[in-house]
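# Sharing a sequence plus its predicted fold:
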Amino acid sequence: MTATPASPFLIPKPVGQMLGRLPAYPGSFLFVTGLNLALANKLTPDVTQMLAGKKLRLCVLDAHWTFDFEWRTSRFVACQNPGAADLTISASANDFVLLARRQEDPDTLFFNRRLAMEGDTELGLLVKNTIDAIELPVFNLAQLHPRHVLAQAREHFKSRLGSLKPR
């Protein structure tokens with residue numbers, strides 16, 4: 001008797017529809033903040049030169065979320081892009097988490113039609129190969145626990161306030 005593979009988790013349709021009603025720009029801003037923390041300082045100059053001015057879009061299909069962003073100067077910035085993006089990458093929230101945690105290969109998801117890339121093929125390959133080449137720590141959801149986030153914020157502010165001189 002063979003076990004059937006478990007279906008990937010999808011955000012329930014009513015929840016996704018509700019999330020899809022949220023304004024797009026704040027979500028894009030939060031997304032690029034995380035992207036900059038994870039990737040910005042790991043990108044090589046030749047990669048950033050090729051990314052400069054390119055409109056990128058990440059679509060989380062089951063959440064009905066779209067994040068629009070581009071590379072400017074030395075970081076990713078959120079943008080409001082009503083038109084077509086140079087590159088659009090689409091998948092479910094679960095598949096993006098699997099990719100971030102390096103539990104699933106992008107090629108496997110692509111060939112199983114769970115990940116889609118539309119637009120500039122060369123840019124898509126650049127993004128995929130760059131992410132594959134970067135040694136990222138495995139994405140750990142525990143890092144997003146409020147206790148952990150608040151502890152990091154507290155340490156950050158303590159270090160910033162400690163360097164201030166009284167007037």
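Good, I have the coordinates.
# Look through this structure and tell me its longest strand.
strand 65-72 (DSSP state E).
# mind showing which ranges of this protein have poor pLDDT?
The model of the chain has pLDDT under 70 over residues 1-7, 136-145, 149, 156, 160, 163-167.
# Walking through it, point out its helices one by one.
In the chain, the helices defined using DSSP state H lie at 13-19, 24-39, 45-51, 93-100, 106-111, 121-133, 146-162.
# Enumerate the positions of the fourth one that are buried.
By that I understand helix 93-100. 93, 94, 95, 96, 98, 99, 100 (16 or more other CB atoms under 10 Å). C-betas here are computed from N, CA, C, even on glycine.
# Which one of those residues is nearest to residue 128?
For these, the residue nearest residue 128 by CB to CB is residue 99; the value is 10.2 Å.
# Identify the residues contacting that closest one.
91, 106, 109, 115 (CB atoms under 8 Å, 6 or more residues apart in numbering).
# Export the residues you listed as CSV, with columns for distance to residue 64 and neighbour count.
CSV is the format used below for these (distance: CB to CB, whole Å; neighbours: other CB atoms under 10 Å):
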residue, distance to residue 64, neighbour count
91, 13, 24
106, 22, 19
109, 19, 19
115, 17, 22
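# For these, which two are the farthest from each other?
91 and 106 (9.1 Å).
# intersection of neighbour lists for the two?
With CB under 8 Å, 6+ apart as the test, residue 91 and residue 106 both reach 99, 115.
# rewinding a little: quick one: which of the buried residues of helix 93-100 is nearest to residue 131?
The closest of the buried residues of helix 93-100, once distances to residue 131 are taken by CB to CB, is residue 99, at 8.3 Å.
# Against residue 148, how distant is residue 11?
To residue 148, residue 11 is 23 Å away according to CB to CB, to the nearest Å.
# now residue 68
Applying CB to CB to residue 68 and residue 148 gives a distance of 28 Å.
# So which of the two has more stuff around it?
A side-by-side neighbour count of residue 68 and residue 148, using other CB atoms under 10 Å, places residue 68 first with 24 against 12.
# That one and residue 77 touch, don't they?
No. Counting by CB atoms under 8 Å, residue 68 stays clear of residue 77, with 10.0 Å between them.
# Quick one: residues contacting residue 83.
Contacts of residue 83 by CB under 8 Å, 6+ apart are residue 55.
# got it, and residue 80?
Residue 80 touches 24, 25, 28, 68, counting by CB under 8 Å, 6+ apart.
# isn't the second one right up against residue 77?
Okay, so that is residue 25. No. The criterion here is CB under 8 Å, and residue 25 misses it with residue 77 at 11.2 Å.
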